[in-house]
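>>> take this sequence and fold it.
(one chain, ligands or ions: 1)
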Amino acid sequence: MAAESNSKSGILTLEKVREALIKQEDTIISRLIQRANFPLNSPAYDEGKFPSFPGSLLQFVVKETEALQSKVGRYENPEEHPFFPESLPLSLLPPPATPPVLHPAAGSININEKIWEFYFDELLPLFAAPGDDGSYASAASSDLDCLQAISRRIHYGYYVAEVKFKDSPQDYEPAIRDQDRDGLMKLLTFVDVEEMVKKRVAKKARVLGQEVSLVDNANAKTDKHNASEKYKVDPSVVSRLYEEWIMPLTKLVQVEYLLRRLD
Ligand SMILES: C=C(O[C@@H]1C=C(C(=O)O)C=C[C@H]1O)C(=O)O
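A predicted model of the protein is given here:
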């Protein structure tokens, strides 16, 4: 998957980086909707359930998919990280010709373990209905699609951090020299932007996840936010995903990157 053009061109502005994050919202929400087409399908996550695989069916799907994607250069993009980095095959393509935009520190910051944990332990049960319809391969591929979109969004924090640093090195450098995590967190946090993000993603979940029918529903016409209206993924879950996990982890990536930015 190609990185957005701003990450390749070297002309990084906060506006462009934020535009890229906004586009990624659509991808994340569409993928959650896709996963919600299947019930939880818990046997896909049981280790040893299928003797043909060493771990769970899900782990098998993720490892095999990542091996293939690694060979075609997916992980040459700094914002793309594998969930199983151990013994991945190398890319068969020549390295990217464009000069790197980021400090090399980006390569050593991978918080996919945290992402994996919250996705399976907390998020998935909030939007996948209980039950088992036997379509384990589809559910597992769909999980990987969600995980990759969320991971990419969170690790995009490198670009956010880089552009904020370049815009005001005089503010960031003292905090970096003091290795002051709290100070950096304060500098890079924009509460009003975060509030807008939460509202926008809930709205997108309402628009992208509405049931479309040829018959007009009188209630839907008069009350767009009717509580009885059914969405494919609950908009409040999407808003919570951003509030509790995506935005805090994007900021964690920013802090980790900035702490190493002067190395
Ligand atoms: C990503 C940014 O940094 C922080 C994290 C945000 C996010 O993850 O959406 C939003 C606002 C900031 O507090 C930004 O400023 O756009």
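
>>> how about the residues of the stretch 101-250 of the chain by the ligand?
Remark: the part of the stretch 101-250 of the chain in contact with the ligand comprises 160, 188, 189, 190, 193, 194, 197, 247, 250, using C-beta under 6 Å from any ligand atom. C-beta coordinates here come from the backbone N, C-alpha and C atoms, glycine included.

>>> what helix or strand is whichever residue of the stretch 1-150 of the chain sits closest to the ligand on?
Closest residue of the stretch 1-150 of the chain to the ligand, C-beta to the nearest ligand atom: residue 18 (4.9 Å). Secondary-structure assignment from DSSP states H and E places residue 18 in helix 14-35.

>>> buried set for the helix or strand just after that helix?
Per DSSP H and E, helix 14-35 leads on to helix 57-71 as the next helix or strand towards the C-terminus. Neighbour-count burial for helix 57-71, counted by 16 or more other C-beta atoms under 10 Å, picks out 57, 58, 59, 60, 61, 62, 63, 65, 66, 69, 70.

>>> correct me if wrong: the third one contacts residue 49.
No - counting by C-beta atoms under 8 Å, residue 59 does not reach residue 49; the two are 11.1 Å apart.

>>> and residue 236, how many neighbours?
14 (other C-beta atoms under 10 Å).

>>> next one: phi and psi at it?
Main-chain dihedrals, residue 236, degrees, to the nearest 10: phi -70, psi -30.

>>> check contacts around it.
residue 202 (C-beta atoms under 8 Å, 6 or more residues apart in numbering).

>>> likewise for the one 3 residues further on?
For residue 239, the set of contacting residues under the criterion of C-beta under 8 Å, 6+ apart consists of 198, 199, 201, 202, 205.

>>> apply 6 Å and report the result again.
Going by C-beta atoms under 6 Å, 6 or more residues apart in numbering, residue 239 touches 198, 201, 202.

>>> one more: residue 129?
By C-beta under 6 Å, 6+ apart, residue 129 lies in contact with residue 39.

>>> and residue 28, by the same measure?
residue 149.

>>> what helix or strand is the nearest residue to residue 240 once chain neighbours are set aside on?
Excluding the flanking residues, the one nearest residue 240 by C-beta to C-beta, 6 or more residues apart in numbering is residue 126, at 7.6 Å. If you go by DSSP H and E, residue 126 is part of helix 124-127.
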